[in-house]
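Colleague: what shape does this take:
(2 chains, ligands or ions: 2)
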Amino acid sequence: MYQTFIEPFTFPFMARALAELIMLGALAGTVGVLILLRRLAFMTDALTHTVFPGVVIGYLLTGEGGIFWGALAAGGLTAVLLTLLTRNRAVTEDTALAVLLTTFFAIGVVLVSRESGYTTDLTAFLFGRILTVTAQQLTQTLVVTLLVVAALVILRRPLTARAFDPQGAQAAGYRIGLLDLITNAIVALVVVASVRAVGTVLVIALLIVPAAAARAVSDRLTVIVPVAALLGALGGWAGLAISYDASLHHGLRLASGGTVVLVLVGLYLGALAAAAAGRRLRTVRRTA
Amino acid sequence: MGMTPALDLDEVGVAYGAAPALENIDGTVAPGEAVALIGPNGAGKSTLIKAILGLVPLASGRITVLGSAPAGARRHVAYVPQADTLDPEFPISVGQVVLMGRYRRIGWLRRPGAADRQAARQALEQVGLADRARHRFGTLSGGQRQRVLLARAIAAEPRLLLLDEPFNGVDAVSEQALLAAIAALKEGGAAVVVSTHDLALAHLACEEVCLLNRRQYGFGPTQTTLTPERLRATYGGHALELRGDRVIVAHS
Ligand SMILES: Nc1ncnc2c1ncn2[C@@H]1O[C@H](COP(=O)(O)OP(=O)(O)OP(=O)(O)O)[C@@H](O)[C@H]1O
Ligand SMILES: [Mg+2]
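Modeller: Numbers count the residues shown, from 1 in each chain, chains lettered A, B, ... in the order given. Ligands and ions are numbered 1, 2, ... in the order given. Sure thing, here's the model as predicted:
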């Protein structure tokens, strides 16, 4: 156990990768609950695609360091566009998203294909480079985490009211448009922060799976949020450790991002089993 | 009279784009009184309620709520949506839903105080669901959920209560509980606006009725306004039967 789950992280690059994944896992797990409550999984998926051209443009302009800012610009633009488009009831959410998604993603692919190392670059953009995380990247992730957590703490009541009963929240005087913009911006920010480490394709798993697992084991938000954060962090840690161990000791080259996702899915299945067992136990107790 | 009305509708008109949804709605509701909004599907009942909440802009006229513009009176206005529009899977307890009625008073960061918890508990008692506080909202029946939403409105201590078809799919027990809670609110001086297809409810709980179908077909005391002739006019070209207390529209 020690050899698999602790020892690898004595290397500085592994320690940085671990810190990054634990932070992102906890952050994405928490924000995932908001996505779950608002049923924004599809929009989140779209965001991970629209951020892609931003990543590529940022990289082309200024190299590795430009990725975050490129993604941030694309994510911010998408968040605003989505809020505006979905406000206009004539355009259904699905149509607006499909149009944005395909346009943005196509731009990204066209841009990458103009580069020489087309496939290696594309793989890195899509699946991330967790093992080359820098100290500066860690700082960026920390800042994003603090910002998002602060926003969620301050806005927890308006966001809950809006998610549960939009008309009632509006009648109570909450500004739905503003809350939706903030929600979209938060999701975009998390996607942007995760994109360099785990890639645009795997972000979606970090955002959806821990929250779904936490929801399976509890009906109470005060339990769901911390459990989702914990599962996200745990998935990051275990996934990283297992992929490292497999590559080093068993000659199996497992992509760390992919392993993280598989561990998360395992945790989700475990949560489903635990929830089913809990239900059966309660039924047995009640009938006994 | 001299007393400020809880609600004053002054030649109110609402349009969605170019299509008028309401024209020349005019009347007042005094504190402690209830008005029933009655009209066929698409008549503009929900639209009028949204206008009173300040959620749709007026094309003409003016709405005054407790002496001020609708947007400025929200603190004293509570709205009860139809329970079946809400997500039954949402992870929230009955007690938390009711506490939502206090959110505007609690503010953003403060924890709910003793007064807030007390108000929520009492409101839930009033609708007869005190023993369900810890249950998940979605596990209750439709009628019970509707009562929880009314409890949330009661917990907000409103001076004007707006209900949009609260009795759809509600059984007799829940209907009695809802009626009793509404009566208690009125006794406390709150005014009530309720849209409904149920004429019995209008007779039982409402001093006034507003008959509308895009325009107003009558606004006044229930006894004198809720007549078969006016109902027939309100429901338009459809053959209309009044069977007991229900409006039956026979589509041709
Ligand atoms: N958001 C909207 N945009 C455009 N038209 C609308 C909108 N909401 C309502 N309408 C139209 O306004 C008219 C009045 O609708 P409203 O929902 O107020 O009727 P209602 O009396 O509440 O009907 P019901 O008994 O079916 O609830 C209808 O013709 C409807 O099509
Ligand atoms: Mg309606």
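Colleague: show me which helix or strand of chain A is least confident by mean pLDDT.
Modeller: Using mean pLDDT, DSSP states H and E, the weakest-scoring helix or strand in chain A turns out to be helix A:118-127, at a mean of 69.
Colleague: can you name the next helix or strand after it?
Modeller: Next along the chain after helix A:118-127, taking DSSP states H and E as the criterion, comes helix A:135-154.
Colleague: could you check how far that next one is from the centre of its chain?
Modeller: 13 Å (C-alpha atoms, centre = their mean, to the nearest Å).
Colleague: run the chain-centre distance for the helix or strand following that helix.
Modeller: Using DSSP H and E, the helix or strand that follows helix A:135-154 in sequence is helix A:156-164. Computed by C-alpha atoms, centre = their mean, the chain-centroid distance of helix A:156-164 equals 21 Å.
Colleague: any idea which helix is longest in the chain?
Modeller: Since no chain was named, I'll use chain A. Once chain A is assigned using DSSP state H, the helix that runs over the most residues is helix A:176-217.
Colleague: the chain in question should be chain B.
Modeller: If you go by DSSP H, chain B has its longest helix at helix B:172-187.
Colleague: whichever helix or strand comes after it packs against which elements?
Modeller: The first helix or strand that comes after helix B:172-187 along the chain, using DSSP H and E, is strand B:191-195. Helices and strands touching strand B:191-195, by 3 or more C-beta pairs under 8 Å, 6 or more residues apart in numbering or on different chains; DSSP states H and E, are strand B:19-29, strand B:34-38, helix B:45-52, strand B:160-164, helix B:172-187, helix B:199-205. C-beta coordinates here come from the backbone N, C-alpha and C atoms, glycine included.
Colleague: could you list the buried residues of the last one?
Modeller: Judged by neighbour count (16 or more other C-beta atoms under 10 Å in any protein chain shown), helix B:199-205 contains these buried residues: B:199, B:201-202, B:204-205.
Colleague: how about the helices and strands packed on strand B:191-195 in JSON lines, adding mean pLDDT and distance to residue B:133?
Modeller: Compiled in JSON lines, the helices and strands packed on strand B:191-195 are given as follows (pLDDT from 0 to 100; distance: least, C-beta to C-beta, whole Å):
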{"stretch": "strand B:19-29", "mean pLDDT": "94", "distance to residue B:133": "32"}
{"stretch": "strand B:34-38", "mean pLDDT": "95", "distance to residue B:133": "28"}
{"stretch": "helix B:45-52", "mean pLDDT": "94", "distance to residue B:133": "28"}
{"stretch": "strand B:160-164", "mean pLDDT": "95", "distance to residue B:133": "22"}
{"stretch": "helix B:172-187", "mean pLDDT": "88", "distance to residue B:133": "16"}
{"stretch": "helix B:199-205", "mean pLDDT": "86", "distance to residue B:133": "26"}
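Colleague: point out the most buried one among these.
Modeller: strand B:34-38 (a mean of 27; mean count of other C-beta atoms under 10 Å in any protein chain shown).
Colleague: around chain A, which positions in the stretch 151-252 of chain B sit nearby?
Modeller: Taking C-beta under 8 Å from any C-beta of the partner chain as the contact definition, the stretch 151-252 of chain B meets chain A at B:152, B:156, B:162.
Colleague: out of the residues you listed, who's nearest residue A:114?
Modeller: Distances from residue A:114 to these, taken as C-beta to C-beta, are shortest for residue B:152 (56.9 Å).
Colleague: near the closest one, how many other residues are there?
Modeller: Residues near residue B:152, counting by other C-beta atoms under 10 Å in any protein chain shown, number 28.
Colleague: pull the contacting residues for it.
Modeller: A:168, B:78, B:80, B:97-98, B:100-101, B:123 (C-beta atoms under 8 Å, 6 or more residues apart in numbering or on different chains).
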